[in-house]
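>>> Return atomic coordinates for the entry below.
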Amino acid sequence: ENNGEVTGRLGIGATSEQTFTRRFGAWEGVKVGTRAALLAVGMTFQSIGSLVTGGASLSQVSGPVAIIQASGAAAKAGVDALLNFALYISVALMVFNLLPIPILDGGMVVLSTLEGLRRRPVGERGLAVYQGIGMAVIGTLLIFVLINDPHRIWKRHTAMDRATEVQPVTQPATESP
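Below you'll find the model as predicted:
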């Protein structure tokens, strides 16, 4: 309170989390690890589905800079957090590689299936077009991600600069009876 006015600031504070360690035997560890990996696969498919259907913004797609920043934060949080982060990155890369995009492994599965159904190989011209489409998709995604990371950093710095310029909020003090 200052001269009859209440002064306050809006802010964001860190949450406190409690961590604990639970030890498993070899077989139980395999089961828990498998469940965690399958959960990560499901979450990755759900995220990709949200991007495709418009449920999530393309600004949430991260590139190498964001991955490095997140891995640094995970490393600071401890070995468990870093290993969990590594799990999710590995699973995300696996799922992405299995998408039916030409030139990725999933695209090669689609091509092999098509050749199996046709009982003959795809011609050179068809293969070139198919791979060209894949290169265009991957190239566009690469350019988008490489632009998105610096843009995200610039937005964060701009927001931080604005936050330091914000004046305290003042309201008249309410009188107590």
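>>> helices and strands around the helix or strand containing residue 144, which ones?
If you go by DSSP states H and E, residue 144 is part of helix 124-165. Of the remaining helices and strands, those touching helix 124-165 by 3 or more CB pairs under 8 Å, 6 or more residues apart in numbering; DSSP states H and E are helix 64-77, helix 105-118. C-betas here are computed from N, CA, C, even on glycine.
>>> If we use 7 Å, what do you get?
The helices and strands touching helix 124-165, judged by 3 or more CB pairs under 7 Å, 6 or more residues apart in numbering; DSSP states H and E, are helix 64-77.
>>> pull the CA atoms of the helix it packs on into CSV?
The C-alpha coordinates for helix 64-77 follow below in CSV (Å, rounded to 0.1, in the frame of the first residue of the first chain):
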residue,chain,number,x,y,z
PRO,A,64,17.1,-28.0,-33.1
VAL,A,65,17.4,-24.8,-31.1
ALA,A,66,14.3,-25.6,-29.0
ILE,A,67,15.5,-29.2,-28.6
ILE,A,68,18.9,-28.1,-27.3
GLN,A,69,17.2,-25.6,-24.9
ALA,A,70,14.8,-28.3,-23.6
SER,A,71,17.6,-30.9,-23.2
GLY,A,72,19.6,-28.3,-21.2
ALA,A,73,16.7,-27.7,-19.0
ALA,A,74,16.2,-31.5,-18.6
ALA,A,75,19.9,-31.9,-17.8
LYS,A,76,19.6,-29.2,-15.1
ALA,A,77,16.6,-31.0,-13.6
